[in-house]
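S.K.: okay, here's the prediction I keep looking at, along with the sequence it came from:
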Amino acid sequence: MQNCYHQVYAAWKRDPEAFWRDAAADIDWFKPPERIFSPDASVYGRWFEGAETNSCHNCLDRHVTAGRGGETAIIFDSAMTGEKRRFTYGEALGEVKAIAATLVDLGIGRGDRVILYMPMVPQAVFSMLACARIGAVHSVVFGGFATSELAARIDDCAAKLVITASCGLEPGRIVAYKPLVDQAIEIARSKPEHCLVLQRPELRADLVSGRDQDFEAAVAQHRDAEVACVSVKATDPLYILYTSGTTGQPKGVVRDNGGHMVALNWSMRNIYGLKPGEVFWTASDIGWVVGHSYIVYAPLIAGVTTLIFEGKPVGTPDAGTFWRIVSEYHVRVLFTAPTAFRAIRREDGDGELIRKYPMPDFRALFLAGERADPETLKWAERMLGVPVIDHWWQTETGWPIAANPLGLGALPVKHGSPTLPMPGYEITVLDDAGHPIEAGTLGNIVVKLPLPPGCLPTLWNADDRFRSAYLDEFPGYYKTADAGYVDGDGYLFIMSRTDDIINCAGHRLSTGAMEEVCARHPDVAECAVIGVNDVLKGQAPCGFLVLKRHVSRETAVIESEVVAMIRESIGPVAAFKTAITVNRLPKTRSGKILRGTMQKIADGIPWKMPATIDDPAILEEIAEALRKRGFGSLPM
Ligand code: COA
Ligand code: AMP
């Protein structure tokens with residue numbers, strides 16, 4: 001296929017409004033867009049202001065109306081229970097209508113917020129779509145987050161309803177979700193009125209009388225109910241997805257209805273190269289943006305079959321599970337995080353399990369969520385014999401900023417680069433003072449405003465935080481908080497974050513939030529948490545504790561208490577396993593903790609004694625403490 005990326009990108013640049021007007025023609029509107037972009041609306045402008053639509057209608061109803069009601073919309077495969085199911089568009093629509101009627105019966109209406117805390121089961125996806133159908137705003141919280149994280153989200157969006165399940169299934173462990181939800185509701189200031197609980201056979205939950213209802217029983221009362229799609233504004237919120245910020249208070253990324261559908265639909269055909277009826281599998285979780293966009297909304301909007309998978313790349317039961325699924329369901333394109341491939345490679349380096357499954361329909365592997373290390377990428381290319389495409393995006397953008405667009409004819413690959421910017425995104429690299437810098441030089445990666453359709457218009461109830469976090473530092477640009485460079489051919493290289501976010505197993509975590517928890521330990525005077533390289537997870541958090549004077553308890557006991565506190569407060573997903581007690585933290589003369597240098601020491605990267613350091617001996621102590629734990633390097 002002849003590559004036409006450059007023509008398409010140039011067409012967008014010449015006339016962005018015409019470009020998005022054309023893309024919007026592939027969406028069903030109840031009131032078609034007259035204005036494409038309104039520069040004066042909201043914080044930096046809004047897309048499709050005045051138009052009306054419904055995301056659930058575009059995911060389901062319109063395919064049924066088009067005569068595709070008998071085709072498969074959703075495949076469910078649980079490697080945890082062995083359950084396998086298929087839902088046609090017609091069946092999925094029936095499920096969604098019944099849940100929507102249940103929500104209406106519980107008093108949920110347009111604009112109300114509903115928290116979902118669910119494992120990877122079809123009911124979770126149907127519940128998201130049911131919210132969309134009635135114009136309610138869903139907010140999915142990843143099951144690996146603990147009670148206080150859940151409570152913070154319930155409070156921030158003032159949820160009226162929580163939809164949950166009795167349990168999640170992790171290898172070797174049943175995670176009781178319901179007690180976590182009960183505690184979260186107890187500590188939340190804003191109390192949801194109702195809780196719908198999906199009872200799973202592996203563990204049944206106790207229901208709180210007057211507040212909780214059995215999900216299946218409640219929905220059964222509304223089978224065959226007719227609930228029409230509510231006409232919502234293109235600019236109305238579809239969902240809020242909380243993501244790590246630089247403090248313990250997560251950021252509520254808002255996604256609208258209209259721009260989101262237009263951008264996702266465009267991406268399915270042009271970036272992922274998929275046609276209606278083909279099978280697309282995103283091996284992630286609906287708790288993350290990757291799941292929202294590419295398990296739920298994008299495939300269904302585009303009429304592509306999506307796959308919901310409950311399980312892990314390894315251990316459920318082995319490293320061949322992904323290939324079993326690709327083979328069994330004729331998956332054309334798989335999208336996952338590089339960490340999943342590092343896990344598979346560790347168990348099946350020679351690709352014996354890959355060869356076990358014929359995959360004649362498999363066309364490409366897409367990777368995102370963290371830097372795709374070239375070694376893993378090359379291994380996947382060798383083993384799979386299909387293009388392996390690294391692409392870069394964020395919760396905030398909702399769809400790829402940079403990619404190698406398969407649907408436009410793939411571009412030459414440069415290992416370590418997610419390739420070129422997608423239409424909608426004009427990328428620049430700036431120095432810290434905001435001046436553009438030359439090709440090949442590392443700097444702050446920014447996107448020229450306005451952001452394209454699909455990207456966040458603001459943070460939930462927090463326009464000022466949105467401005468200060470993303471727009472104020474580099475006026476006229478959105479700050480991605482990623483550092484990197486553009487080479488002479490315009491290829492992007494994403495190297496690291498410029499804030500305290502780390503990426504652990506493809507999960508975005510805030511070390512600042514972990515520091516807040518460490519600091520709450522009664523024996524801890526001061527602390528710092530950094531991300532250190534991890535062969536499997538990419539990065540893993542590592543905490544340094546300075547104890548209060550006169551603390552005489554065993555440091556090992558205090559360290560394990562801090563590890564337990566983080567698991568309890570943030571959740572197992574934080575994967576915080578290492579806390580190291582030190583006498584002092586290295587600081588500049590102005591009192592700033594030298595986290596960057598500590599990270600270099602821990603990662604074994606040669607480091608220099610910073611000129612601004614207050615007391616050089618402290619870094620030597622840190623290096624020694626790290627060496628004792630098997631990390632570290634010597635100064636240059
Ligand atoms: N509910 C409850 N607990 C969960 C959970 C969930 N939905 N998801 C993860 N956890 C727990 C895990 O059981 C683990 O607990 P443990 O400390 O008791 O072992 C902890 O959170 C850390 O999870 P994770 O970092 O995912 O590590 P892992 O060892 O369980 O799995 C991988 C590692 C690489 C196999 C896994 O992270 C993976 O498949 N990642 C790639 C796909 C992906 O999800 N990407 C996300 C964005 S694209
Ligand atoms: P999230 O919001 O969880 O999707 O995480 C977004 C962050 O993950 C980005 O800001 C990057 O730091 C990182 N990231 C995502 N995709 C890539 C990629 N392809 N290469 C490098 N980093 C990536």
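M.R.: Looks like it came in fine. Note that this is a predicted model, so its numbers are computed, not measured. Numbering: from 1, shown residues only. Ligands and ions are numbered 1, 2, ... in the order given.

S.K.: are we agreed that residue 620 is in a helix?
M.R.: Yes: assignment of residue 620 by DSSP: H, G, I helix; E, B strand; the rest coil places it within a helix.

S.K.: so which residues on the protein come close to ligand 2?
M.R.: Within the chain, the positions lying close to ligand 2 (C-beta under 6 Å from any ligand atom) are 243, 289, 368-372, 390-392, 394-395, 418, 480, 482, 494, 497, 503, 508. Glycine gets a C-beta too; all of them are placed from N, C-alpha and C.

S.K.: ok, residue 389 - contacts?
M.R.: 364, 365, 366, 367, 403, 404, 406, 410, 413, 419 (C-beta atoms under 8 Å, 6 or more residues apart in numbering).

S.K.: using JSON lines, lay out these together with pLDDT and neighbour count.
M.R.: Formatted as JSON lines, the contacts of residue 389 follow (pLDDT from 0 to 100; neighbours: other C-beta atoms under 10 Å):
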{"residue": "364", "pLDDT": "98", "neighbour count": "19"}
{"residue": "365", "pLDDT": "98", "neighbour count": "22"}
{"residue": "366", "pLDDT": "98", "neighbour count": "25"}
{"residue": "367", "pLDDT": "97", "neighbour count": "25"}
{"residue": "403", "pLDDT": "98", "neighbour count": "28"}
{"residue": "404", "pLDDT": "97", "neighbour count": "27"}
{"residue": "406", "pLDDT": "97", "neighbour count": "22"}
{"residue": "410", "pLDDT": "87", "neighbour count": "18"}
{"residue": "413", "pLDDT": "94", "neighbour count": "16"}
{"residue": "419", "pLDDT": "97", "neighbour count": "24"}
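
S.K.: closest to ligand 1 among the residues you listed?
M.R.: Checking the contacts of residue 389 against ligand 1 with C-beta to the nearest ligand atom, the nearest one is residue 367 at 8.9 Å.

S.K.: tell me where the stretch 301-450 of the chain has strands.
M.R.: According to DSSP state E, counting those that start in this stretch, the stretch 301-450 of the chain carries its strands in the segments 305-310, 331-336, 364-367, 388-390, 402-403, 420-421, 427-430, 443-448.

S.K.: parallel or antiparallel, list what pairs with the second one.
M.R.: I take that to be strand 331-336. Applying DSSP bridges to the sheet, strand 331-336 is found paired with strand 279-282 (parallel), strand 364-367 (parallel).

S.K.: OK, contacts around residue 164?
M.R.: Residues touching residue 164, when contacts are defined by C-beta under 8 Å, 6+ apart, comprise 116, 117, 118, 177, 178, 181, 195, 196, 197, 198.

S.K.: now do the SS call for the first one.
M.R.: Under the three-state scheme (three-state DSSP), residue 116 adopts strand.

S.K.: excluding chain neighbours, what is closest to the residue of the stretch 1-150 of the chain found nearest ligand 2?
M.R.: Residue of the stretch 1-150 of the chain nearest ligand 2, by C-beta to the nearest ligand atom: residue 142 (10.3 Å). Of all residues not flanking residue 142 in the chain, residue 287 sits nearest, at 2.7 Å (C-beta to C-beta, 6 or more residues apart in numbering).

S.K.: isn't that neighbour up against residue 141?
M.R.: Yes: distance between residue 287 and residue 141: 6.4 Å, which falls inside the contact criterion (C-beta atoms under 8 Å).

S.K.: wait, residue 619 sits on residue 608?
M.R.: No: checked against C-beta under 8 Å, the pair residue 619 and residue 608 is beyond contact range at 10.1 Å.

S.K.: more neighbours, those two?
M.R.: The residue with more neighbours, out of residue 619 and residue 608, is residue 619; 20 against 9, by other C-beta atoms under 10 Å.

S.K.: quick one: residues contacting the more buried one.
M.R.: 586, 594, 597, 598, 601, 609, 613, 635.

S.K.: tell me how far it lies from residue 542.
M.R.: 15 Å (C-beta to C-beta, to the nearest Å).

S.K.: could you do residue 259 as well?
M.R.: In this view, residue 259 and residue 542 are 39 Å apart by C-beta to C-beta.

S.K.: which of those two has more residues huddled nearby?
M.R.: In this comparison of residue 259 against residue 542, neighbours counted by other C-beta under 10 Å, the higher total goes to residue 259 at 31 against 25.

S.K.: just say helix, strand or coil for that one.
M.R.: Residue 259 falls in the helix class when you classify it by three-state DSSP.

S.K.: how about the residue nearest to it when sequence neighbours are not counted, secondary structure?
M.R.: Here the nearest residue to residue 259 in space, its sequence neighbours aside, is residue 453; by C-beta to C-beta, 6+ apart that works out to 3.0 Å. For residue 453, the reduced secondary structure class is coil; criterion used: three-state DSSP.

S.K.: okay, now residue 453: neighbour count?
M.R.: If you count neighbours by other C-beta under 10 Å, residue 453 ends up with 28.

S.K.: now swap in residue 580 and tell me
M.R.: Neighbour count for residue 580, taken as other C-beta under 10 Å: 17.

S.K.: now the element after whichever strand or helix holds it, going C-ward?
M.R.: Residue 580 is part of strand 578-582 when elements are defined by DSSP states H and E. The element immediately downstream of strand 578-582 (helix or strand, assigned by DSSP H and E) is helix 595-603.

S.K.: what's the average pLDDT for that following helix?
M.R.: Per-residue pLDDT values across helix 595-603 average out to 90.

S.K.: next, the angle from it to strand 578-582.
M.R.: With axes from the mean of the first three to the mean of the last three C-alpha atoms, to 10 degrees as the criterion, the two stretches helix 595-603 and strand 578-582 enclose an angle of 110 degrees.

S.K.: restricting to C-alpha, output helix 595-603 in CSV.
M.R.: Taking C-alpha atoms only, helix 595-603 is exported to CSV below (Å, rounded to 0.1, in the frame of the first residue of the first chain):
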residue,chain,number,x,y,z
ARG,A,595,15.8,12.8,43.0
GLY,A,596,17.2,12.8,39.5
THR,A,597,20.7,12.0,40.8
MET,A,598,19.4,9.4,43.2
GLN,A,599,17.6,7.8,40.2
LYS,A,600,20.8,7.7,38.2
ILE,A,601,22.6,6.0,41.1
ALA,A,602,19.9,3.5,41.5
ASP,A,603,19.8,2.7,37.8
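
S.K.: how about residue 190, what does it touch?
M.R.: The neighbourhood of residue 190, defined by C-beta under 8 Å, 6+ apart, consists of 154, 155, 158, 159.

S.K.: go on, residue 568?
M.R.: For residue 568, the set of contacting residues under the criterion of C-beta under 8 Å, 6+ apart consists of 146, 147.

S.K.: quick one: secondary structure of it?
M.R.: Secondary structure state of residue 568, per three-state DSSP, is helix.

S.K.: and what of residue 563?
M.R.: Reducing the assignment at residue 563 to three states with three-state DSSP gives helix.

S.K.: likewise for residue 503?
M.R.: Looking at residue 503 with three-state DSSP, the answer is strand.
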